[in-house]
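A.B. asks: Just to be clear, the model below is a prediction. Sequence and coordinates:
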There are 2 protein chains.
Amino acid sequence: MSSEQLAAWGQTTAAQVRKDLSHFGSFGKRGLGYQAGELCERLRTLLGIDRSWKVALVGAGRIGLALYEYPAFRSRGYDCVAIFDSDPEKIGTAWGDQSICSLDVFERVMEERDVELVILAIPADAAQEVASRAVEAGVNGILNFAPIRLNVPDEIPVEDVNLVIELEALSFQITQRKKDV
Amino acid sequence: MSSEQLAAWGQTTAAQVRKDLSHFGSFGKRGLGYQAGELCERLRTLLGIDRSWKVALVGAGRIGLALYEYPAFRSRGYDCVAIFDSDPEKIGTAWGDQSICSLDVFERVMEERDVELVILAIPADAAQEVASRAVEAGVNGILNFAPIRLNVPDEIPVEDVNLVIELEALSFQITQRKKDV
DNA sequence: CTTACTTTGTGCAAGTTGTCACAATGATGT
DNA sequence: ACATCATTGTGACAACTTGCACAAAGTAAG
Ligand SMILES: NC(=O)c1ccc[n+]([C@@H]2O[C@H](COP(=O)([O-])OP(=O)(O)OC[C@H]3O[C@@H](n4cnc5c(N)ncnc54)[C@H](O)[C@@H]3O)[C@@H](O)[C@H]2O)c1
Ligand SMILES: NC(=O)c1ccc[n+]([C@@H]2O[C@H](COP(=O)([O-])OP(=O)(O)OC[C@H]3O[C@@H](n4cnc5c(N)ncnc54)[C@H](O)[C@@H]3O)[C@@H](O)[C@H]2O)c1
């Protein structure tokens, strides 16, 4: 695969692809391009995503269910090893092979199962408290679906997912284009 | 609210906030800061997100359900006016006040209900075909959950949501930090 | 009114990112 | 063996972005 092809795929330019890759080393063969499989492998290693991670899901609601049953997580190395919820109706029931735990045992379970990442799929007003407890329990990163800016130490990365903003980005592009014409 | 406060909130610097805003005009009062409500309003207008949009949901599966029942969409001006699915078991049943339509009536319904945005929550191998039909039917933008790069005309914006990549971004930051220490 | 204080808007300098263009390198065919 | 072709890796430069610093403008209080 040539840098030209990679650029088309990634919506950028050939020069950009080559320069970006060159920061990590020299992967291609002149006159021939890059060997896709090998490139992919080496990049996964460089990015640190060539291993699997233990994940806990907090919030067994609608979005939590969709995520839990999403096969792409497991196949890319993200193993859900615990589910938490505060709803007494849900606690004790099971999804697949995971039974839903109470937050009372949060710290113990997090440590026992060596959880590294937490997915927060709970209402905004509960998110900060659980985030703080997760950090306290030694979590390494947080994927947050609640529409709130979490306050955590600088060294703990947080990725926010905000689907409303995605829609607004579309709306913005649409109105912008209409103006240009 | 001062540029200093806005900067803390948005994880940037005060100078950056002021310069960015100054591109659109002069919103603040010296010695006093910005009036938050008014600023918000004026930015929403400038960004073209001060009106409501008609949205169709394609794919009444797990993620589709979570999205459909997510109240933040409606409250920010995104009205779901149609749901489509290909599963005969689902067609004809209703979610709230919307009954699920067959793709047979896709073009007709899209036009009748004046759909402007489409949310694609269907398997990757069906996404391209529906995307093309949606464009043909005059849609203005697509929010795509399927893990595939859609091929649509340049003038139709597409926003991709890929949650695996969000997790991988976390993993990357974590390994990176470990190396620095 | 005047003085002390706060905060904006912006010119300028420093830093970062993207593009161009081309020598170097290897593949391929005669 | 050689000529031709495709494509990389990179230096030089252009374009863009960010941060600094300060005059201008406004508030507040005596
Ligand atoms: N549904 C969506 O499409 C969507 C999209 C983006 C973001 N979000 C956000 O994700 C979060 C969850 O959304 P949802 O639609 O799944 O809501 P939901 O109401 O279906 O589920 C929330 C779950 O969290 C549990 N819960 C409440 N407080 C808790 C606590 N303190 N600890 C543990 N569990 C607790 C509830 O029992 C429930 O099971 C919300 O913050 C929402 O804004 C949802
Ligand atoms: N579940 C998640 O958390 C999640 C997260 C991110 C992305 N995704 C992606 O979103 C898509 C849907 O995921 P899901 O978990 O909701 O799957 P799902 O199997 O629960 O739902 C898919 C739905 O699409 C319908 N469908 C299939 N082919 C169709 C077609 N041609 N036209 C209309 N409807 C059709 C099915 O009948 C089903 O109702 C997939 O591409 C998946 O990769 C899912």
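C.D. replies: Here it is on my side, so go on. Ligands and ions are numbered 1, 2, ... in the order given.
A.B. asks: Spell out which parts of chain A neighbour DNA strand D.
C.D. replies: Listed as neighbours of DNA strand D in chain A under the rule Cβ under 7 Å from any atom of the strand: A:2-4, A:14-15, A:18-19, A:21-22, A:26-34. (Glycine included, C-beta is placed from N, CA and C.)
A.B. asks: Show me just the buried residues among those.
C.D. replies: If you count burial by 16 or more other Cβ atoms under 10 Å in any protein chain shown, the buried members of the residues of chain A next to DNA strand D come out as A:S3, A:R18, A:L21, A:G28, A:G33, A:Y34.
A.B. asks: and the residues you listed, which of them are in helices?
C.D. replies: Filtering those for membership in helices, criterion DSSP state H, returns A:S3, A:R18, A:L21.
A.B. asks: Go through chain A and flag its longest helix.
C.D. replies: When chain A is scanned for its longest helix (criterion: DSSP H), the result is helix A:163-180.
A.B. asks: quick one: contacts of it?
C.D. replies: Contacts with helix A:163-180, where a contact means Cβ atoms under 8 Å, 6 or more residues apart in numbering or on different chains, come from A:147, B:47-49, B:53, B:55, B:67, B:70, B:72-73, B:76, B:78, B:116-117, B:140-143, B:155, B:157, B:159, B:161.
A.B. asks: Distance of A:T13 relative to DNA strand D?
C.D. replies: When Cβ to the nearest atom of the strand, to the nearest Å is applied, the distance between A:T13 and DNA strand D equals 10 Å.
A.B. asks: which residues touch that residue?
C.D. replies: A:T13 makes contact with A:A7 under the criterion Cβ under 8 Å, 6+ apart.
A.B. asks: The one 4 residues further on now?
C.D. replies: Applying Cβ under 8 Å, 6+ apart, we find A:V17 in contact with A:S3, A:L6, A:A7, A:G10.
A.B. asks: which of the buried ones among the residues of chain A next to DNA strand D sit farthest apart?
C.D. replies: Every pair in those was compared (Cβ to Cβ); the two farthest apart turn out to be A:L21 and A:G33, at 11.4 Å.
A.B. asks: Can you pull the residues that touch both of these two?
C.D. replies: Common contact partners of A:L21 and A:G33 (Cβ under 8 Å, 6+ apart): A:S3.
A.B. asks: Name the pair among the contacts of A:V17 with the greatest separation in space.
C.D. replies: A:S3 and A:G10 (10.2 Å).
A.B. asks: how about whatever residue of chain A ends up closest to ligand 1, what does it touch?
C.D. replies: Across chain A, the shortest distance to ligand 1 (Cβ to the nearest ligand atom) belongs to A:G61, at 1.7 Å. Contacts here follow Cβ under 8 Å, 6+ apart; on that basis A:G61 touches A:D85, A:A121, A:I122.
A.B. asks: Selecting buried members of these in ChimeraX, what would you type?
C.D. replies: Only the buried members of the contacts of A:G61 end up in this ChimeraX selection, burial being decided by 16+ other Cβ under 10 Å:
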select /A:85,121,122
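A.B. asks: Close to DNA strand C: what parts of chain A are there?
C.D. replies: By the criterion of Cβ under 7 Å from any atom of the strand, the positions of chain A lying close to DNA strand C are A:T12, A:T13, A:A15, A:Q16, A:R18, A:K19, A:K29, A:R30, A:G31, A:L32.
A.B. asks: which pair in those spans the largest distance?
C.D. replies: By the measure Cβ to Cβ, those have their two most distant members at A:T12 and A:G31, which lie 22.0 Å apart.
A.B. asks: Check chain A and tell me which residue is nearest its centre.
C.D. replies: The C-alpha lying nearest the average C-alpha coordinate of chain A belongs to A:L143 (Cα atoms, centre = their mean; 5.7 Å).
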